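Undergrad: Return a 3D structure for these sequence lines:
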Amino acid sequence: MCSMKTVVSVFVLVLCLHHADVLAMSSILQVSPPGENLLSSTAKDDAEKIIEAAFDTTIVYDRLAYMTDTFGPRFSGTPELERAIDWIQAAAEQEDGITVKSEPVMVPRWVRGNEYANLLVPRRKSMRILALGGSVGTNGTTLHGSVIVVSSFDDLENQKDHIRGKIVVYNQDFVSYGDTVAYRVSGAERAEAHGAIAALIRSVTPYGIQTPHTGSTHTSSIPAVSITIEDAKMFARMQARGQSMEIELYLEAHTLPDVQSRNLILEVVGSKHPDEFVVLGGHTDSWDIADGAMDDGGGAFVAWEAVRLIKTLGLRPDRTIRAVLWTNEENGARGGQAYANDHISELDKHSIALESDLGTFTPHGLSFAGSDDARAIVTAIGEKLLSGIGSGNVTGVGVGEDASYLNERGVPSGSLYTVDVRQGGDSNNPCLPFSQPPYPEFQEENFGSSAYFWYHHTAADTIDKLSPQQLQHCAATLGVFVYSIANLPSLLPR
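TA: Numbering: from 1, shown residues only. Below is the predicted model of the structure:
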């Protein structure tokens, strides 16, 4: 991370390059000698109010627990998702007094149905499986086939002459989610190209307890199934010994016509520039087998909480702050695409779009994708207003799926990054106090040190994995960032 001296130097350069904004900028951000605040005392006071109010409640956890316990999985196209969205809208309007807009989105409707798989040779074993989203079924019959195991796409190509008519098992190592997810996404279609009759993909996770992880796959005409780490490794050992393996597989998976869902927009209208926007958000949907407390109920609800805190405290941002609760991120990202398309005429008035979809453990700060000038401003805000609670760091360039559709149209964007302090910390104290932030070194790509990908896209993504304090810490972090950015004298430079 840059030193304060570097940030100040960059910031002075930004002001010089944008001469027309110098006078306006000086009203809130002041060019000061190193060590002095760049932000006005009002900004610091407001940030402290948001932080104090955030840590004085457990409302995010309480609301999230109610939603996940009451409605359960919220898969796109299901009544459960729509009932949960109804409940969120009613609570935000009636309990919080927040202005809520609902925007329709057509979403895919994939149905899992019944499913099973059994190892038949060399022994009988009932396998734990999850069909991947978008997979086809087995046409009402049980598919039988011998097994060939590959360790990578290169290995698949090396063994391509032996694949026709067989079930391909991928036993790829977990490198990072970004690298390894390619096997889930395109493993079936690549196996099908060589004549495979089904693809079984080792779950994309660094750790498992006989837990299959679902997720979307590219459309192919052969079944695509997630299996456990343990089973994938067992098949690899059997093949290495020269043992033959046979599997039976039954899937009822099928796709129905699209149905209507909607995005929710929770707003605090700007007092000076109501037609300029600062966006933050998460997605309301989850996989059909997951309560989705972590992915991404927590992300959606900390965005909601950031807006609630600003509203409840009576703070009046200069620009409109929007918490966008996107629908259908998991198997189509139709909500993110729809928001970008529906608001295309006003995207040049969006200052930033932040997303929380990487877990709501102890926040480290933001990643950011935008101009160097904008990055310097966001970095200064984090350092001056959030360093006291350890979550003001700006590092990396990652952007969440829903915000990416705004970023590719020029909107500066970012993602909330968190560190699961349970890993390598005191197992009896899963949530370290926010005033004691000696977090592990942040890992930008490989989340192997975080429990997020232990539970990701599984039935184990439940509310007990989350901490009330960590959720409020995330909300405080987002609240301070968006409120401060909303009050800048101009939009973030592009």
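
Undergrad: burial measure for S490, as a count.
TA: Using other Cβ atoms under 10 Å, S490 is surrounded by 14 other residues. Where you see a C-beta, it was placed from the backbone N, CA and C, and this is true even at glycine.

Undergrad: now N487
TA: Neighbour tally, N487, other Cβ under 10 Å: 23.

Undergrad: And for P212?
TA: P212: 26 surrounding residues under other Cβ under 10 Å.

Undergrad: what sits against it?
TA: P212 makes contact with 128-130, 203, 226-228, 458, according to Cβ atoms under 8 Å, 6 or more residues apart in numbering.

Undergrad: host element of it?
TA: Assignment of secondary structure by DSSP states H and E places P212 within no helix or strand.

Undergrad: quick thing: my sequence starts at 330, can you match it?
TA: That works, and once the first residue is 330, the last one we named lands at P541.

Undergrad: show me where this protein has helices.
TA: Using DSSP state H, the helices of the chain run over 333-346, 351-354, 370-383, 388-400, 408-423, 482-487, 506-521, 558-570, 627-641, 663-671, 701-715, 730-736, 781-784, 797-815.

Undergrad: Of all those helices, which one comes closest to T691?
TA: The closest of the helices of the chain to T691 is helix 797-815. By Cβ to Cβ, the value is 5.4 Å.

Undergrad: Now do the domain split for the chain, please.
TA: By the assignment in automatic domain parsing, the chain contains the domains 333-436+588-815, 442-581.

Undergrad: is it possible to export those to JSON lines including distance to P822?
TA: Listed next are the domains of the chain as JSON lines, based on distance: least, Cβ to Cβ, whole Å:
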{"stretch": "domain 333-436+588-815", "distance to P822": "4"}
{"stretch": "domain 442-581", "distance to P822": "28"}
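
Undergrad: just to revisit the earlier point, okay if I get the helices of the chain as a markdown table plus mean pLDDT?
TA: Below are those laid out as a markdown table (pLDDT from 0 to 100):
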| stretch | mean pLDDT |
| --- | --- |
| helix 333-346 | 32 |
| helix 351-354 | 37 |
| helix 370-383 | 95 |
| helix 388-400 | 98 |
| helix 408-423 | 98 |
| helix 482-487 | 98 |
| helix 506-521 | 97 |
| helix 558-570 | 98 |
| helix 627-641 | 98 |
| helix 663-671 | 98 |
| helix 701-715 | 96 |
| helix 730-736 | 98 |
| helix 781-784 | 92 |
| helix 797-815 | 97 |
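
Undergrad: would you turn the ones you listed into JSON lines with mean neighbour count?
TA: Conversion of these to JSON lines gives the following (neighbours: other Cβ atoms under 10 Å):
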{"stretch": "helix 333-346", "mean neighbour count": "16"}
{"stretch": "helix 351-354", "mean neighbour count": "14"}
{"stretch": "helix 370-383", "mean neighbour count": "18"}
{"stretch": "helix 388-400", "mean neighbour count": "20"}
{"stretch": "helix 408-423", "mean neighbour count": "17"}
{"stretch": "helix 482-487", "mean neighbour count": "14"}
{"stretch": "helix 506-521", "mean neighbour count": "20"}
{"stretch": "helix 558-570", "mean neighbour count": "17"}
{"stretch": "helix 627-641", "mean neighbour count": "27"}
{"stretch": "helix 663-671", "mean neighbour count": "21"}
{"stretch": "helix 701-715", "mean neighbour count": "22"}
{"stretch": "helix 730-736", "mean neighbour count": "24"}
{"stretch": "helix 781-784", "mean neighbour count": "23"}
{"stretch": "helix 797-815", "mean neighbour count": "27"}
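
Undergrad: how about the ones you listed, which one is nearest F606?
TA: With Cβ to Cβ as the criterion, F606 lies closest to helix 797-815 of the helices of the chain, at 8.6 Å.

Undergrad: From the centroid of the chain, which residue is nearest?
TA: Closest residue to the average C-alpha location of the chain: D686 at 1.8 Å, with Cα atoms, centre = their mean.
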